[in-house]
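**Student:** Model the structure of this input:
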Amino acid sequence: MKIIVLAGGLSTERDVSLSSAAGICRTLIEKGHDAFLLDVFMGLPYDSDKLEEVFTLPGHGLEIAKNIATEEPDLATIKASRPDQSDCFLGPNVIELCRMADITFIGLHGGEGENGKLQATFDLLGIKYTGPNSLGCAAAMHKGIAKQIFLESGIPTPNGVCIHKNKNKKDLASLGLSLPVVVKPCSGGSSIGVYIVNTEEEYNEALEKSFRYEDELVIEEYVKGREFACGIIDDKALPPIEIIPKTGFFDYANKYQAGATEEVCPANISEEISAKMQDYTVRAFHALKLDVYSRADFLLDADNNLYCLEMNTLPGMTAASLLPKEAAVTGIEYGDLCELIIKKSLEARYN
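**Tutor:** A predicted model of the protein is given here:
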């Protein structure tokens, strides 16, 4: 099978995507596929008459892969480094190569890779791709919309509201909230721009910092508790995994730096709580109109109350990421998981 593994882009999670997608590409090559790693924004300047040979190039595009730094990438510098200086999100030959492929494995995270725009574009162009559909991605990516859908569907989630940069009403009392609270970008990922604040001064500072990422934020009550994730594939929830950062919370640095976080799967919780978390995962998946696969994030407080924070429609897919670890517990190895995602994506939309 000829497969384009799409990565990079202009999201703050660019480096995460490149690392994750490189792992996908390598394992698909090991499985006997003609896979090529392609940066969706940089594209691949190449002779249009010879694009077919890209799928069998010796390096498979893996030279663009990089390790994940402790801080998010400088997107302005990356954008300025594109040779053609185009503002188009899709780089040279991206559409052409994706059309030639039997399927495009979307290994992007955040931004246009995860908010449904790319999926909708591919739908219009007749390009086959992995992962959830455009509608589900759009609903899940906007944390305010997802929170409202959770509440209407009986899925517990922390109390919170959306605020816009250009609106005046930002004081907590008028928002119906009180300290401590969590401030986070409405459509961000990898905990970038997320702040737990305990004072008015910290709150105002967090607003200023988070608004640098987006014009819309979610302000929600702070729930102190243990952190969990629960993946879902083919409409079946995987065993929950507990995330235990050695310091602070599960932020960008703790997510991607070796040894910063302990992850336990199956999680050390009762069968009742595990089953409830899996049930909420399936219900959230359906409520957001998702398909193929995703991953839900949860908090469990001291009184064993569960709170669903969000659904990640394109969760990390390195061999050491949360979803592959959960799948491994059920006997699905990493390479088999990548092929299963391809199979279920084809069944969901193209068979």
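
**Student:** For this structure, give me the ranges with low pLDDT.
**Tutor:** Low-confidence segments of the chain, defined by pLDDT under 70: 68-70, 168-169, 188-191, 247-260.

**Student:** For burial, what's the neighbour tally of Tyr350?
**Tutor:** Tyr350 has 10 neighbouring residues, counting by other Cβ atoms under 10 Å. (Each C-beta comes from the backbone N, C-alpha and C, glycine too.)

**Student:** Spit out the contact partners of the nearest residue to it once chain neighbours are set aside.
**Tutor:** Counting by Cβ to Cβ, 6 or more residues apart in numbering, Lys128 is the residue found nearest to Tyr350 once chain neighbours are left out, at 5.6 Å. By Cβ atoms under 8 Å, 6 or more residues apart in numbering, the contact set of Lys128 is 101-104, 122, 345-346, 349-350.

**Student:** I'd like to know which of those residues are buried.
**Tutor:** Neighbour counting with 16 or more other Cβ atoms under 10 Å marks 101, 103-104, 122, 345 as buried within those.

**Student:** mind listing which of these are in strands?
**Tutor:** Residues of the buried ones among the contacts of Lys128 located in strands (DSSP state E): 103-104.

**Student:** Any chance of JSON lines for the buried ones among the contacts of Lys128, columns distance to Pro92?
**Tutor:** Formatted as JSON lines, the buried ones among the contacts of Lys128 follow (distance: Cβ to Cβ, whole Å):
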{"residue": "Ala101", "distance to Pro92": "16"}
{"residue": "Ile103", "distance to Pro92": "21"}
{"residue": "Thr104", "distance to Pro92": "16"}
{"residue": "Phe122", "distance to Pro92": "17"}
{"residue": "Ser345", "distance to Pro92": "26"}
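
**Student:** Of the buried ones among the contacts of Lys128, which is the nearest to Glu152?
**Tutor:** Using Cβ to Cβ, the shortest approach to Glu152 within the buried ones among the contacts of Lys128 belongs to Ser345, at 27.9 Å.

**Student:** the strands in the stretch 51-200 of the chain, which residues?
**Tutor:** 103-106, 160-164, 181-185, 195-197 (DSSP state E, counting those that start in this stretch).

**Student:** Ranking those strands by mean neighbour count, which comes first?
**Tutor:** Of the strands of the stretch 51-200 of the chain, the one with the most neighbours on average (mean count of other Cβ atoms under 10 Å) is strand 103-106, at a mean of 25.

**Student:** Tell me which other helices or strands that one touches.
**Tutor:** Strand 103-106 is packed against strand 2-7, helix 14-30, helix 117-125, helix 334-349, with contacts defined by 3 or more Cβ pairs under 8 Å, 6 or more residues apart in numbering; DSSP states H and E.

**Student:** cutoff 7 Å now
**Tutor:** If contacts are counted by 3 or more Cβ pairs under 7 Å, 6 or more residues apart in numbering; DSSP states H and E, strand 103-106 sits against strand 2-7, helix 334-349.

**Student:** List of residues touching that strand?
**Tutor:** The contact list for strand 103-106 (Cβ atoms under 7 Å, 6 or more residues apart in numbering) reads 3-6, 24, 98, 113, 127-131, 314, 342, 345-346.

**Student:** Try it again at 8 Å.
**Tutor:** 1, 3-6, 21, 24-25, 28, 35, 98, 113, 118-119, 122, 127-131, 314, 338, 341-342, 345-346.

**Student:** Now list the buried members of the residues you listed.
**Tutor:** Neighbour-count burial within these applies to 3-6, 21, 24-25, 28, 35, 98, 113, 118-119, 122, 127-131, 314, 338, 341-342, 345; the criterion is 16+ other Cβ under 10 Å.

**Student:** contact partners of stretch 89-99?
**Tutor:** Applying Cβ under 8 Å, 6+ apart, the external contacts of stretch 89-99 come out as 4, 6, 9-10, 36, 38-46, 48, 51, 54, 82, 84, 104, 112, 118, 121-122, 125-127, 129.
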